[in-house]
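*Asks:* got a predicted structure plus its sequence, pasted below:
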Amino acid sequence: YKALQASGQIPVNVYAAGQVPMPASTPNAPLTLNTNIPFAGSAVCRQARRLYVGNIPFSATEENMMEFFNKQMKAQNLVQAEGNPIIAVQINMEKNFAFLEFRSVDETTQGLALDGVLFQNQALKLRRPRDYAPL
């Protein structure tokens with residue numbers, strides 16, 4: 001357990017739901033959105049709350065992707081509670097992909113329905129991450 005903590009696979013500190021600690025000096029820090037809606041915040045289920053998004057346009061930003069996906073989830077009635085289902089976006093522009101982090105595992109599963117959605121005239125690929133393991 002301590003070896004996993006030392007390698008960064010298990011967090012050393014436990015934070016309240018909705019908090020994603022990130023030093024301001026960290027490059028490529030994910031954009032986070034604070035929410036008062038309770039969700040499963042443990043590191044164990046974090047991977048179950050993330051989706052890979054492939055084929056993103058080079059003009060994509062974390063802000064406009066978060067806004068787009070939150071609107072799409074609401075428009076297609078895929079949300080389970082008030083507020084925004086996407087709480088964080090992290091983009092890797094060098095490899096043309098992003099990860100969306102949802103507030104709940106169920107909304108993450110619902111988000112898979114957006115596979116193939118057009119964002120800035122490009123069809124996006126939504127998939128589970130490679131290291132996804134069902135809970």
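*Replies:* Perfect, thanks for sending it. Everything quoted here is computed from the prediction, not taken from an experiment.
*Asks:* any regions of this protein where pLDDT drops low?
*Replies:* For the chain, the stretches with pLDDT under 70 are 1-2, 5, 8-44, 135.
*Asks:* would you map the helices across it?
*Replies:* 2-7, 43-46, 62-75, 105-111 (DSSP state H).
*Asks:* for residue 120, see how far away residue 60 is.
*Replies:* 7 Å (Cβ to Cβ, to the nearest Å). Just so you know, the C-beta spots here come from the backbone N, C-alpha and C atoms, and that holds for glycine as well.
*Asks:* and residue 78, by the same measure?
*Replies:* When residue 78 is compared with residue 120 (using Cβ to Cβ), they lie 21 Å apart.
*Asks:* repeat that for residue 71.
*Replies:* The spacing between residue 71 and residue 120, counted by Cβ to Cβ, is 14 Å.
*Asks:* kindly report the same for residue 56.
*Replies:* Residue 56 is 9 Å from residue 120, by Cβ to Cβ.
*Asks:* wait, what's in contact with the closest residue in space to residue 69 that isn't next to it in sequence?
*Replies:* Once flanking residues are discounted, residue 69 sits nearest to residue 86: 5.0 Å by Cβ to Cβ, 6 or more residues apart in numbering. When the contact criterion is Cβ atoms under 8 Å, 6 or more residues apart in numbering, the partners of residue 86 are 33, 66, 69, 70, 73, 100, 101, 102, 103.
*Asks:* need the buried ones from these selected in ChimeraX.
*Replies:* To isolate the buried ones among these in ChimeraX, judged by 16 or more other Cβ atoms under 10 Å, type:
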select :33,66,69,70,73,100,101,102,103
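*Asks:* what's the closest of the contacts of residue 86 to residue 92?
*Replies:* Using Cβ to Cβ, residue 100 is the member of these that lies nearest residue 92, at 12.7 Å.
*Asks:* and the gap between the closest one and residue 6?
*Replies:* 29 Å.
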